[in-house]
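Engineer: no sequence for this one, just the structure:
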Ligand SMILES: CC(C)(COP(=O)([O-])OP(=O)([O-])OC[C@H]1O[C@@H](n2cnc3c(N)ncnc32)[C@H](O)[C@@H]1OP(=O)([O-])[O-])[C@@H](O)C(=O)NCCC(=O)NCCSC(=O)C[C@@](C)(O)CC(=O)[O-]
């Protein structure tokens, strides 16, 4: 049975876009429940400008309060050195820089061009390396962009290669708006695989049109063994209009089990974590 690594992004990618005010208590309890389900890689924080993403403003406090059992790794977004400093102070295990294959999305999401973003990431990677911290890279809009439409596979592969060359150990190829199909996702991955091995790639697929599970299966066929998912299918991106949630972790774990893959995650407890956060969102005050 092949082991598949699941990176649970619900506490960050999932919650960042919610319109209701989610308390720090709720965020911490969600993480605790995910850990109880056996989840080991959790993106729990985002050290970005609180003016850009207010929901993540308590990331340092979340990181201060989450449990730290052996084997659990916390990830956080860090767009620049300011974010990296905060992530280091908060004791995260791995940070992530997030670039894009679309110029328009890059400007809307991080206020700079693709080329400028890569230059901004360079000192983040250098400092993280000095601190012994692994860095993940995201390539948003790897298949399609809400502003530019279809993205050429080579454009996504070029950004992935640059991030890999700069030292990112894992590149999450992201279908930000869930437009990908097995055909377009495999074309994008094939372009990436000309430059870097599958072991350095992860699939991060939103499920807007219900094709994320099929995209994961197709990606496994291309040799990928790491996928991002979000408990209860939470999520979207505040700077990608129309993007709905990440593929639900519960659906991914259930399907991978059916296919004979091991994730190390207890589906019953994962579903309980999903029920917990759905209820919390329904009863939380609006921002
Ligand atoms: C990148 C910036 C900061 C540039 O924003 P900017 O305005 O160009 O940056 P700046 O350097 O001019 O700074 C402006 C202000 O932000 C502050 N600032 C600057 N950096 C930080 C920081 N790290 N932490 C806290 N504060 C920060 C800085 O201190 C300053 O504060 P002021 O002096 O005005 O009071 C901004 O555009 C930003 O925060 N963007 C984040 C957008 C975001 O988080 N989007 C969602 C995540 S990406 C995503 O969801 C996609 C993904 C990863 O899941 C994959 C996929 O599905 O595609």
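Structural biologist: Arrived safely, thanks for sending. Every value quoted in this text rests on a predicted model; they were computed, and no experiment measured them.

Engineer: show me where pLDDT drops low in the stretch 1-150 of the chain?
Structural biologist: For the stretch 1-150 of the chain, the stretches with pLDDT under 70 are 1.

Engineer: That one: helices as residue ranges?
Structural biologist: Remark: helices assigned in the stretch 1-150 of the chain by DSSP state H, counting those that start in this stretch are 24-36, 59-65, 81-90, 103-110, 114-130.

Engineer: Also the stretch 151-287 of the chain?
Structural biologist: Taking DSSP H, counting those that start in this stretch as the test, the helices found in the stretch 151-287 of the chain are 153-166, 182-193, 212-221, 249-258, 267-283.

Engineer: excluding its backbone neighbours, what's nearest residue 189?
Structural biologist: In this structure, residue 189 finds its nearest non-sequential neighbour in residue 222, 4.7 Å apart by C-beta to C-beta, 6 or more residues apart in numbering. Bear in mind the C-beta positions are built from the backbone N, C-alpha and C, glycine included.

Engineer: if we can go back for a sec, looking at the helices of the stretch 1-150 of the chain, spot the one closest to the ligand.
Structural biologist: For these, proximity to the ligand was assessed by C-beta to the nearest ligand atom; helix 81-90 is nearest, at 3.2 Å.

Engineer: what's the neighbour count on residue 83?
Structural biologist: 22 (other C-beta atoms under 10 Å).

Engineer: ditto for residue 282
Structural biologist: 8.

Engineer: Isn't residue 48 up against residue 79?
Structural biologist: Yes. Using C-beta atoms under 8 Å, residue 48 is in contact with residue 79, at 5.6 Å.

Engineer: ok so, going back, can you redo the helices of the stretch 151-287 of the chain as a markdown table with mean pLDDT?
Structural biologist: A markdown table is the format used below for these (pLDDT from 0 to 100):
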| stretch | mean pLDDT |
| --- | --- |
| helix 153-166 | 98 |
| helix 182-193 | 98 |
| helix 212-221 | 98 |
| helix 249-258 | 98 |
| helix 267-283 | 96 |
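
Engineer: For those helices, please prepare TSV with the additional fields distance to residue 227.
Structural biologist: Putting those into TSV (distance: least, C-beta to C-beta, whole Å) gives the following:
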stretch	distance to residue 227
helix 153-166	16
helix 182-193	12
helix 212-221	5
helix 249-258	6
helix 267-283	14
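
Engineer: Adding distance to the ligand as columns, could you present those helices in JSON lines?
Structural biologist: Formatted as JSON lines, the helices of the stretch 151-287 of the chain follow (distance: least, C-beta to the nearest ligand atom, whole Å):
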{"stretch": "helix 153-166", "distance to the ligand": "11"}
{"stretch": "helix 182-193", "distance to the ligand": "13"}
{"stretch": "helix 212-221", "distance to the ligand": "11"}
{"stretch": "helix 249-258", "distance to the ligand": "15"}
{"stretch": "helix 267-283", "distance to the ligand": "17"}
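
Engineer: Just tell me which of these ends up closest to residue 241.
Structural biologist: helix 212-221 (18.7 Å; C-beta to C-beta).

Engineer: Next, the angle from that closest one to helix 182-193.
Structural biologist: For helix 212-221 against helix 182-193, the angle by axes from the mean of the first three to the mean of the last three C-alpha atoms, to 10 degrees is 40 degrees.

Engineer: got the buried residues for helix 212-221?
Structural biologist: Within helix 212-221, the residues scored as buried using 16 or more other C-beta atoms under 10 Å are 212-213, 215-216, 218-220.
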